[in-house]
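Colleague: This is a predicted model, with the sequence first.
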Amino acid sequence: MFSDARFRAMGSDVHLVVHGSQALVDLAVTRLAALEAAWSRFRPDSEISRLNAGAGRWLEVSAPTALLLQRAVEGWRLTGGAYDPLLLHALQAAGYDRSFEALDPALPAVPPARWWNRPLPPEIEVNGSAARIPAGAGFDPGGIGKGLAADLVTADLMAAGAVGVCVSVGGDVRVRGTAPGGTPWTIAVEHPLAAAPVTLVGLWDGALATSSVLRRVWQAGGRPRHHIIEPDTGVPARTTADLASVIAGDGWLAEVLTKPVLLRPADRRFDNVPSGCAALAVVADGTVAATASMSRFTGGALVPTVLRSVERTHPGGAR
């Protein structure tokens, strides 16, 4: 028996397919709602909002929040700082200071303070059930929260008796177990400006995360903005790619690894992709670059070198 559900959680569209009963879908909905309540930066009573409001002080947190903070520090280390979880104030200064659906394009952007002198993410501290972030810093769960949520929910469902599960949280996809027909899960790598997928990948147990500067785009101060912040400048980045997709064993890891693929120069964009993972990037003219390891997940099929259906002009004049 397969159960399928689509709903909203964590400010994103969620698509869930479970090889199991409807009760497992209900479990996933409940679990995601609990994680959103703990991690949303837009809820003043969430654990993340309390950590940000009390930056510099120790606060009690739940086990999932402690894990999120630990994974964030690990992501910073693995990417050489390309992924930085302490960019909240810069993101707010760029205009993303409320849920995306509620953004007001008429509001002026506030110039960022000298936030880049903040302590580095390893100074995020977790001691058992207590945690603190550096004074003056702001933690943004962002994509890593969606990726980790997908990891936790799929693990919960398998432990509760699912034979297989696939969950997509805002485009971060995590699979475990078997798909219908006893096969691996087939996942499309999608580009928002292309009619067809970039490629299809097959996974038994793993994750695919995609980050792009073509989604979550808004106007602030009369200028186009997006949510990928350059850690060295504190402003929306002039990325070397428009889209990055990474395959990894876990959703949180795949998500953080997309950041260096977007931000690094073209000749270094795959430097942080570990053995066992795979990545691809699509630039503004539709050119596609991929690691050699990607063919292990495409059944040997070649990733196209150009997406001819991609529009040649960047939306909103962001380039």
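Modeller: Yep, that arrived. Residues are numbered from 1 along each chain as shown.
Colleague: Buried ones in the helix or strand where residue 154 lies, by neighbour count?
Modeller: Counting by DSSP states H and E, the element that carries residue 154 is helix 142-159. Under the neighbour-count criterion of 16 or more other C-beta atoms under 10 Å, helix 142-159 has 142-154, 156-158 buried. For the C-beta atoms, the positions are set from N, CA and C on the backbone; glycine is no exception.
Colleague: counting contacts, what elements does that helix pack onto?
Modeller: helix 22-39, helix 63-78, strand 164-169, strand 172-177, strand 206-212, helix 251-263 (3 or more C-beta pairs under 8 Å, 6 or more residues apart in numbering; DSSP states H and E).
Colleague: Would you mind giving the ones you listed as JSON lines with distance to residue 292 added?
Modeller: Below are these laid out as JSON lines (distance: least, C-beta to C-beta, whole Å):
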{"stretch": "helix 22-39", "distance to residue 292": "35"}
{"stretch": "helix 63-78", "distance to residue 292": "20"}
{"stretch": "strand 164-169", "distance to residue 292": "26"}
{"stretch": "strand 172-177", "distance to residue 292": "22"}
{"stretch": "strand 206-212", "distance to residue 292": "17"}
{"stretch": "helix 251-263", "distance to residue 292": "15"}
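Colleague: To residue 294, which of those lies closest?
Modeller: strand 206-212 (11.0 Å; C-beta to C-beta).
Colleague: Quickly run through the sheet partners of the closest one, with directions.
Modeller: For strand 206-212, sheet partners with direction are given as strand 172-177 (antiparallel), strand 243-248 (antiparallel), following DSSP bridges.
Colleague: Out of these, flag the one nearest residue 35.
Modeller: When those are compared by C-beta to C-beta, strand 172-177 sits nearest residue 35, at 13.0 Å.
Colleague: And the contacts of the closest one?
Modeller: Residues outside strand 172-177 that contact it (C-beta atoms under 8 Å, 6 or more residues apart in numbering): 19, 143, 146-147, 150-151, 153-155, 157-158, 162-167, 184-185, 187, 203-210, 250-251, 254-255.
Colleague: one step back: what's the closest of the buried residues of helix 142-159 to residue 240?
Modeller: Set against residue 240, the nearest of the buried residues of helix 142-159 by C-beta to C-beta is residue 143 (18.2 Å).
Colleague: Let me know the secondary structure of residue 193.
Modeller: coil (DSSP: H, G, I helix; E, B strand; the rest coil).
Colleague: Just to check, it is in contact with residue 214?
Modeller: Yes - with contacts counted by C-beta atoms under 8 Å, residue 193 reaches residue 214, the gap being 6.4 Å.
Colleague: returning to that earlier point: okay, the helices and strands packed on helix 142-159 in TSV with mean pLDDT and distance to residue 3 next?
Modeller: Shown next, in TSV, are those (pLDDT from 0 to 100; distance: least, C-beta to C-beta, whole Å):
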stretch	mean pLDDT	distance to residue 3
helix 22-39	96	5
helix 63-78	96	24
strand 164-169	96	10
strand 172-177	96	13
strand 206-212	94	21
helix 251-263	95	21
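Colleague: Same list, those, but as a markdown table with mean neighbour count and distance to residue 280 please.
Modeller: Shown next, in a markdown table, are the helices and strands packed on helix 142-159 (neighbours: other C-beta atoms under 10 Å; distance: least, C-beta to C-beta, whole Å):
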| stretch | mean neighbour count | distance to residue 280 |
| --- | --- | --- |
| helix 22-39 | 18 | 28 |
| helix 63-78 | 19 | 19 |
| strand 164-169 | 25 | 18 |
| strand 172-177 | 26 | 15 |
| strand 206-212 | 26 | 9 |
| helix 251-263 | 28 | 8 |
